[in-house]
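> What follows is a predicted structure for the sequence shown.
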Amino acid sequence: MGRRPAQEDAAEQGGRQSGGRIEGAAGDREHHQVVGDGEGHQGSAGVTPAPKYRVGLIGAGRAGPSRARGFDAHPLCKVVAIADTDPVNLDLTASRFGAAPYDDFETMLAREALDIVLAVLPVHPNADAVVAAAEAGAKAIFCEKPLTASLADADRMVEACATRGIPLGCGVMVSSHPDYRRAYQMVADGEIGELRRIDSYDSNGQGGCHGLNLTRKFAQKAPVEEVIGWVTGDPHSDHEEPYDDAKTGFGEVGGYLRFANGVESFHSTGGRGLTGMTVLGTRGMLVNENNTSLGLRLFQAPEGSNRRGIAEFDPVDAGFLTSAADERGYDEGGWRDCGDVMRAIVADTLRVLEEGGELEISTADDLRHALEMCVALRESHRQERVPLRLPLEDRSLTMYPERARWHYKKQIIGEQVYMEQMRGQKQD
């Protein structure tokens with residue numbers, strides 16, 4: 001693959017690349033310019049100091065600019081470099097951010113001193129991009145969901161960051177929203193009594209990153225002691241098939257999981273119309289009819305009551321937000337609003353960088369566990385529904401995500417529709 005020299009790209013935009021920074025028109029944008037030495041020191045006279053955290057984006061497609069805008073809008077951050085193999089996406093997104101464009105992420109990581117790296121890609125190159133960013137010295141990394149397809153790649157991604165002390169957040173999902181993070185704590189604090197069971201039902205195709213990830217979080221991340229699963233109507237139920245033959249969709253995957261703390265879970269991927277969950281305790285329950293959206297509801301039994309049944313639980317105003325609207329407006333910079341979940345991800349990442357501690361948002365390790373739970377359900381089916389214990393010994397096991405996650409979406413939905421969505425990300 002040919003590489004585009006960063007100096008030539010910066011010159012085309014009216015600036016120049018020098019010493020890991022962009023000077024001139026390519027770096028001039030909105031509230032700050034990218035000049036100085038990358039440590040926040042003052043550059044030439046009359047020029048705003050460089051931001052504290054230099055951000056690089058790998059993947060300038062439909063989702064990448066929104067994730068990058070979330071960080072770019074933070075006063076401590078600026079997107080300074082973008083890499084993508086699609087020149088149309090790259091030119092549009094780099095010009096909107098005033099960032100240096102690269103046609104491969106290896107060159108970007110080698111030439112730019114980046115503090116935060118965002119990998120927003122189809123699933124199959126995700127692992128290599130994250131590991132490369134860790135090896136290049138990023139201080140924090142965020143990648144999109146699903147994490148990857150194989151347990152071995154998931155291990156590689158998590159370990160590359162963990163051994164270097166790099167926080168690795170993963171996935172714009174409601175599991176990272178403050179509502180859900182507060183709900184996990186409410187369950188841990190006994191607000192619904194002793195936690196007994198978690199039922200979840202959602203669509204297949206993303207390696208458990210919604211329902212199974214939430215299930216594990218509500219179960220206080222206890223180890224999984226037993227998995228018994230089943231698969232129906234799935235081309236991957238008995239062997240692996242990459243999507244080169246353009247097959248779409250999955251059948252159903254489901255089954256039973258038991259955690260070490262005694263919590264039981266029943267999980268089913270019954271189709272896209274069913275994506276809810278119930279977290280059941282001895283004195284109440286948390287319910288959401290859509291575990292990919294907001295809208296949690298808390299029910300509690302009256303004090304001293306021994307009545308049973310959801311109709312006799314009292315709804316509690318717990319201050320949870322209702323489900324977010326599908327259509328968002330535009331922010332003050334003309335970008336389509338990145339959303340509350342993305343803002344929570346940015347805030348938590350910056351908190352860890354500034355203050356230390358662990359991420360509270362969903363991490364790559366969380367999604368590694370979710371993927372392993374989903375793989376275990378399928379492996380139990382393959383072995384005549386025998387109970388399995390985690391961790392699974394065979395780390396080569398793979399569960400491909402749905403085709404639209406594995407491949408480049410422009411090739412799937414068509415260039416016209418794709419570019420309309422790209423142009424709609426910002427009011428130029």
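Received it, and whenever you're ready, just let me know what you need.
> where along the stretch 51-200 of the chain do the strands fall?
Taking DSSP state E, counting those that start in this stretch to define them, one finds strands in the stretch 51-200 of the chain at 53-58, 77-83, 100-102, 116-119, 140-143, 168-170, 195-201.
> For the third one, which strands pair with it and how are they oriented?
Partners of strand 100-102 in the sheet, by DSSP bridges, are strand 77-83 (parallel).
> tell me the angle of the partner strand relative to strand 53-58?
Put simply, strand 77-83 runs at 30 degrees to strand 53-58, going by axes from the mean of the first three to the mean of the last three CA atoms, to 10 degrees.
> Tabulate the strands of the stretch 51-200 of the chain (JSON lines), appending mean neighbour count and mean pLDDT.
For glycine as for every other residue, the C-beta is placed from the backbone atoms N, C-alpha and C. Formatted as JSON lines, the strands of the stretch 51-200 of the chain follow (neighbours: other CB atoms under 10 Å; pLDDT from 0 to 100):
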{"stretch": "strand 53-58", "mean neighbour count": "27", "mean pLDDT": "99"}
{"stretch": "strand 77-83", "mean neighbour count": "28", "mean pLDDT": "99"}
{"stretch": "strand 100-102", "mean neighbour count": "27", "mean pLDDT": "99"}
{"stretch": "strand 116-119", "mean neighbour count": "28", "mean pLDDT": "99"}
{"stretch": "strand 140-143", "mean neighbour count": "28", "mean pLDDT": "98"}
{"stretch": "strand 168-170", "mean neighbour count": "28", "mean pLDDT": "98"}
{"stretch": "strand 195-201", "mean neighbour count": "21", "mean pLDDT": "94"}
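> Rebuild these as TSV, extending it with distance to residue 227.
Output for the strands of the stretch 51-200 of the chain, formatted as TSV (distance: least, CB to CB, whole Å):
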stretch	distance to residue 227
strand 53-58	34
strand 77-83	38
strand 100-102	42
strand 116-119	29
strand 140-143	26
strand 168-170	22
strand 195-201	14
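> Kindly format the C-alpha coordinates of stretch 402-412 as CSV.
Provided in CSV are the C-alpha atoms of stretch 402-412 (Å, rounded to 0.1, in the frame of the first residue of the first chain):
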residue,chain,number,x,y,z
GLU,A,402,-22.2,-9.7,11.8
ARG,A,403,-21.0,-8.9,8.3
ALA,A,404,-21.6,-5.1,8.6
ARG,A,405,-19.2,-5.0,11.6
TRP,A,406,-16.6,-7.2,10.1
HIS,A,407,-16.3,-5.5,6.7
TYR,A,408,-16.1,-1.9,5.5
LYS,A,409,-19.7,-0.5,5.5
LYS,A,410,-19.2,1.6,2.4
GLN,A,411,-18.9,-1.7,0.5
ILE,A,412,-22.1,-3.0,2.1
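> gap between it and the chain center?
17 Å (CA atoms, centre = their mean, to the nearest Å).
> can you give me the end-to-end distance of stretch 412-428?
26 Å (CA to CA, to the nearest Å).
> So which bits of that stretch are buried?
By 16 or more other CB atoms under 10 Å, the buried positions in stretch 412-428 come out as 412, 418, 421-422, 425-426.
> From these, which land in helices?
412, 418, 421-422 (DSSP state H).
> so can I have JSON lines of these showing distance to residue 163 and pLDDT?
Shown next, in JSON lines, are those (distance: CB to CB, whole Å; pLDDT from 0 to 100):
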{"residue": "412", "distance to residue 163": "36", "pLDDT": "83"}
{"residue": "418", "distance to residue 163": "37", "pLDDT": "92"}
{"residue": "421", "distance to residue 163": "38", "pLDDT": "92"}
{"residue": "422", "distance to residue 163": "37", "pLDDT": "94"}
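> about what we covered before: which of the strands of the stretch 51-200 of the chain sits closest to residue 346?
strand 77-83 (7.8 Å; CB to CB).
> who's in contact with the closest one?
Identification of contacts with strand 77-83 by CB atoms under 8 Å, 6 or more residues apart in numbering yields 6, 21-22, 27, 32, 34, 50-60, 64, 68, 71-72, 90, 93-94, 97, 99-105, 107-108, 111-112, 114, 116, 346, 350.
> Restrict that strand to CA atoms and write it as PDB.
The C-alpha coordinates for strand 77-83 follow below in PDB (Å, rounded to 0.1, in the frame of the first residue of the first chain):
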ATOM      1  CA  CYS A  77      -7.600  17.700  23.800                       C
ATOM      2  CA  LYS A  78      -7.100  18.300  20.100                       C
ATOM      3  CA  VAL A  79      -7.300  15.900  17.100                       C
ATOM      4  CA  VAL A  80      -4.000  16.400  15.300                       C
ATOM      5  CA  ALA A  81      -3.700  13.400  13.000                       C
ATOM      6  CA  ILE A  82      -6.000  11.000  11.200                       C
ATOM      7  CA  ALA A  83      -5.300   7.800   9.300                       C
END
